[in-house]
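Enquirer: My questions are about this predicted structure, shown below with the sequence.
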Amino acid sequence: MPAESRTSDLIVPPSQVLMCPSPTQYFVGRQDILNQLVRIFSIPAVQQKVVPLVATGGTGKTQVVLQFVAQNHSRSGIIVFWLNSHRFSNIWFFNATSKLALLANFNELGKALRVGEQIEDVKKYLARTQENWLCIFDNADADKLYIKDYIPSCNHGNIIITSRLGDTIQMAFPGPHMHFGDLSKEDAVELLLKHAHEEHSEENEHFAMEIVDALGYHALAVATAGAYIYKAPICKLENYLAYFKRQQTKILNYRLKTVDNYHETVFSTFKLSFDQLSYATQCLIQICGYLHPVSIPIAIFTHAAAFTGEDIRPGDSNSPTAAMEYMNKLVTLLHKESVRLLWAKKEYGINHPDTLVCMSYLASTYSSLGKFNAAEQLQEEVLSLSKKVLGDSHHKTLSSMGNLANTYRLLGKFNAAEQLEEEVLSLRKEEVLGDNHPNTLNSMANLASTYWSLGKFNAAEQLEEEVLSLYKKVLGDNHPDTLSSMANLASTYWSLGKFNAAEQLQEEVLSLCQKVLGDNHPNTLASMASLASTYWSLGKFSAAEQLEEEVLSLYKKVLGDNHPDTLSSMANLASTYKSLEMFNAAEQLEEEVLSLRKKVLGDNHPDTLSSMANLASTYRSLEKFNAAEQLQEEVLSLRKKVLGDNHPDTLSSMANLASIIFTHGGFWKQAERIEEVRLFWTKKVLGDNHPDTLSSMANLASTYRSLGKFNAAEQLEEEVLSLRKKVLGDNHPDTLNSMANLASTYWSLGKFNAAEQLEEEEVLSLRKKVLGDNHPDTLSSMANLASTYRSLGKLNAAEQLQEEVLSLRKEVLGDNHPDTLNSMANLASTYRSLGKFNAAEQLEEEVFSH
């Protein structure tokens, strides 16, 4: 064989492969660790010794091991170690950063040993070779790399592992693992001055102490500081901290240029350790660091580290485990976006795409926490920068526009949301994605939602039907987005008063969700909740109650007692209790919801304020007027602060407060004034024809009627009726309510024939058609018409209709419902007018007995 080909067959002696690097010339301190290593490896071996050195990156673990090797190196220059007459036969230094690196190392050692190049070949050789070898596994930091798989199974040999992973401690044998923390203050000062090439003067040591105090005695941070001081002409010991504040990112990413070939910077070293943590732990650390590191007591982490789970008692709902689970959920909610954003701004600058992503995430977190104004401000900045950096049509710019539009919607700025969403949809259709892309369909769905918020129910219906058709075509009938589209369309049907169509579609959605997602999936539960709401609108209160109780039970089981969706389910059930006149049960449930929302979401979260408003309404129904008024005033004040004076929810609070003041009596003029102010702002914010504006007009008309201003009430109600017919249609439940209110005003004005005609020919007929014969609103129309018959002297017609109403109310609402008792009292009065005194007396006694 030619001489030049023989190089591939040369075998390097085992003692010359995987040799330890030289330690750094700047090594200081750690004598306690070095002494422990000497003690451990001086003891005669009876079993394999495993010594893990576990600490965060940059603390000097590897350097301690290399120093230990160097201090006990044979003067002959070969790799033979003597410790109190006890020697290492060989020492090998493995790069344990990855499986690939270890495979290469074992391959190299196997060749040198001539035992084969596979990991198992080397392990078996070392296991059967009764020698006192030492294997060092350096930087075993990958969480999916099981270092035990690389250690020979035998009772001899020695292992040192350096790692950032806490679980590695469990491998220590014999005895406990060694504590490996940061440098002592004195050693940190020594290391800093060495790297800075500064002498040990009193002045230098003073400045050095300030620096190492600020850096927490972290070895790599201190070494980097010293090297940077030595390298930068304008940076000295006395001005380093001020310079660090200005050039933090640059310094943290400064790489040491020393002979030990350490490749990591302070930042990258921290990031390697940080990336090994669970998501929730990363979030918690970032939140603590963002709030202020010195304000978080170390005892918290000491107690957490000492927790073993042995102190948990069976059935202990407040166990440390439960607390940790709750903290994980809380931390996940809070995120770490503010910390990310600060880092990204410093690292990349404000105009970098990654910075914009961080800003978007933080805005999303603000929105989740109900901080809509903060979200709006940040999202407007993101959109402006995205257009500048990425261009108007970039998909991330369009996402930013969509996010901002959603926040506008949450803030009640529906016109601004509409304008932005129409622009997004146009760009996605024409320039970027095309008509059938899922993101385009999402834009259509968002725009339909805004149309709905603007009261443009017909436009929303048309767009949602188109979206649903496209979702079915593009994604299929059973895709979750298709099901969401069906649910949205059902909600629009509900808003249009098409309760039967909504019910039919929601039952289909629920069936498909159960089939596709499972009975306990959150979307399935949301479908059940929506169907229960439709049952409620159809007057099927018992069915609604039964379904909502089932939903609540499942939410508690699947998501937990304190999850926001669980609390929403409780609020819905309380609303149904109110419809069933079960005000005490509603009060109890709403007080519980309010307490939990304050605890979970905070006092000022919009959902918390909604709970306060609901509870105030229940207090009013229970005639706890002072409590209702006080709570509603607090809601109004907080909504003005959190949402702004002109937000629809703020305007609703004004209406609710006016209603309470009016019901309380004696303050009708004050209620009238509040209603008039609310109507002014509703028109200004939402427009003249918005459904909420029409509701404000209807409420003001009702207040006029209660104040005896029947002509003003009549004029306003006729206007409301005309607009509702135009905006909502002739058959919408709100239109029918306007007709009923106008008929009541006609009655109050003595226009009995006009009242009769409106109640008989339109309201009752349409309610039977739209809502059904047995709907509570239909029964109210029958009762009102009967009252008009009485006023017109048509006592027999009144009697016949009232008997029918009473029978139906007993069937639908039950014998003890207040509306049923009112029907009994009204019928008794008609009996008296007809001279049927015995029948009247019998009915009145029944009423009084309840």
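Expert: Happy to help now that I have it. Worth saying up front: this structure is predicted, and the values here are computed from it rather than measured.
Enquirer: alpha carbons only for contacts and neighbour counts from here, please
Expert: OK.
Enquirer: helix, strand or coil for Ile160?
Expert: strand (DSSP: H, G, I helix; E, B strand; the rest coil).
Enquirer: now it: how far from Ser469?
Expert: Separation of Ile160 from Ser469 (CA to CA, to the nearest Å) stands at 65 Å.
Enquirer: Compare the two and say which is more crowded by neighbours.
Expert: Between Ile160 and Ser469, counting by other CA atoms under 10 Å, Ile160 is the more crowded of the two (19 against 16).
Enquirer: ok now do that one, which residues does it touch?
Expert: Neighbouring residues of Ile160 by CA atoms under 8 Å, 6 or more residues apart in numbering: Val50, Val51, Pro52, Leu53, Leu134, Cys135, Ile136, Phe137.
Enquirer: quick one: what helix or strand has the closest residue to Thr576 other than its chain neighbours in it?
Expert: With sequence-adjacent residues excluded and distances taken as CA to CA, 6 or more residues apart in numbering, Thr576 is closest to Glu545, at 6.1 Å. Secondary structure assignment for Glu545, by DSSP states H and E: helix 541-559.
Enquirer: Just the CA trace of that helix, in CSV.
Expert: This file holds the C-alpha atoms of helix 541-559, laid out as CSV (Å, rounded to 0.1, in the frame of the first residue of the first chain):
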residue,chain,number,x,y,z
PHE,A,541,-87.3,28.9,30.4
SER,A,542,-87.3,25.4,31.9
ALA,A,543,-85.4,24.0,28.9
ALA,A,544,-83.0,26.9,29.1
GLU,A,545,-82.5,26.4,32.9
GLN,A,546,-81.9,22.6,32.5
LEU,A,547,-79.4,23.1,29.7
GLU,A,548,-77.5,25.9,31.4
GLU,A,549,-77.2,23.9,34.6
GLU,A,550,-75.7,21.1,32.5
VAL,A,551,-73.3,23.5,30.8
LEU,A,552,-72.2,25.0,34.1
SER,A,553,-71.5,21.5,35.5
LEU,A,554,-69.4,20.6,32.5
TYR,A,555,-67.5,23.9,32.5
LYS,A,556,-66.6,23.3,36.1
LYS,A,557,-65.5,19.8,35.3
VAL,A,558,-63.5,20.7,32.1
LEU,A,559,-62.1,24.2,32.8
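Enquirer: got the contact list for the helix or strand that comes right after that helix?
Expert: Using DSSP H and E, the helix or strand that follows helix 541-559 in sequence is helix 564-579. With CA under 8 Å, 6+ apart as the contact definition, helix 564-579 has outside contacts at 529, 533, 536, 541, 544-545, 548-549, 551-552, 555-556, 559-561, 583, 585-587, 589-590, 593, 596-597, 600, 611, 618.
Enquirer: And the buried ones among those, selectable in ChimeraX?
Expert: Those of the contacts of helix 564-579 that count as buried under 16 or more other CA atoms under 10 Å are selected in ChimeraX with:
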select :529,533,536,541,544,545,548,549,551,552,555,556,561,583,586,587,589,590,593,596,597,600,611,618
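Enquirer: which residues in the chain form strands?
Expert: 49-54, 81-83, 86-88, 91-95, 134-138, 158-163 (DSSP state E).
Enquirer: what's the fourth one packed up against?
Expert: Read it as strand 91-95. Packing partners of strand 91-95 (3 or more CA pairs under 8 Å, 6 or more residues apart in numbering; DSSP states H and E): helix 99-113, strand 134-138.
Enquirer: quick one: contacts of that strand?
Expert: Residues from elsewhere that reach strand 91-95, judged by CA under 8 Å, 6+ apart: 15, 17-20, 79-80, 101-102, 105, 133-139.
Enquirer: cool, and stretch 643-657?
Expert: 372-373, 411-413, 613, 617, 629, 632-633, 635-636, 639-640, 671, 674-675, 678, 681-682, 685, 696, 699.
Enquirer: out of those, which are inside helices?
Expert: With DSSP state H as the criterion, helices contain 372-373, 613, 617, 629, 632-633, 635-636, 639-640, 671, 674-675, 678, 681-682, 685, 696, 699 from among those.
Enquirer: Show me which of those are buried.
Expert: Counted by 16+ other CA under 10 Å, these give 372-373, 613, 617, 629, 632-633, 635-636, 639-640, 671, 674-675, 678, 681-682, 685, 696, 699 as buried.
Enquirer: can you pull the buried residues of stretch 792-800?
Expert: Buried-residue list, stretch 792-800, by 16+ other CA under 10 Å: Leu795, Ala798, Glu799.
Enquirer: Please name the spatially closest residue to the second one (chain neighbours excluded).
Expert: With CA to CA, 6+ apart as the measure, Ala786 is the residue that lies nearest to Ala798, at 4.4 Å, once sequence neighbours are left out.
Enquirer: Run through the stretch 751-850 of the chain and note the low-pLDDT ranges.
Expert: For the stretch 751-850 of the chain, the stretches with pLDDT under 70 are 850.
Enquirer: Could you rerun that using 80?
Expert: Low-confidence segments of the stretch 751-850 of the chain (pLDDT under 80): 760-761, 770-772, 812-814, 817-818, 847-850.
Enquirer: what do you get for the stretch 101-250 of the chain?
Expert: Where the stretch 101-250 of the chain drops to pLDDT under 80, the residues are 142-144, 164-184, 187-188, 191-192, 194-196, 198, 203-204, 207, 210-250.
Enquirer: which one is Tyr471 nearest to, not counting chain neighbours?
Expert: Per CA to CA, 6+ apart, closest to Tyr471 is Thr482, 5.3 Å.
Enquirer: so who does that neighbour touch?
Expert: Taking CA under 8 Å, 6+ apart as the test, what Thr482 contacts is Leu468, Tyr471, Lys472, Leu475, Gly476.
Enquirer: Perfect, that will be all.
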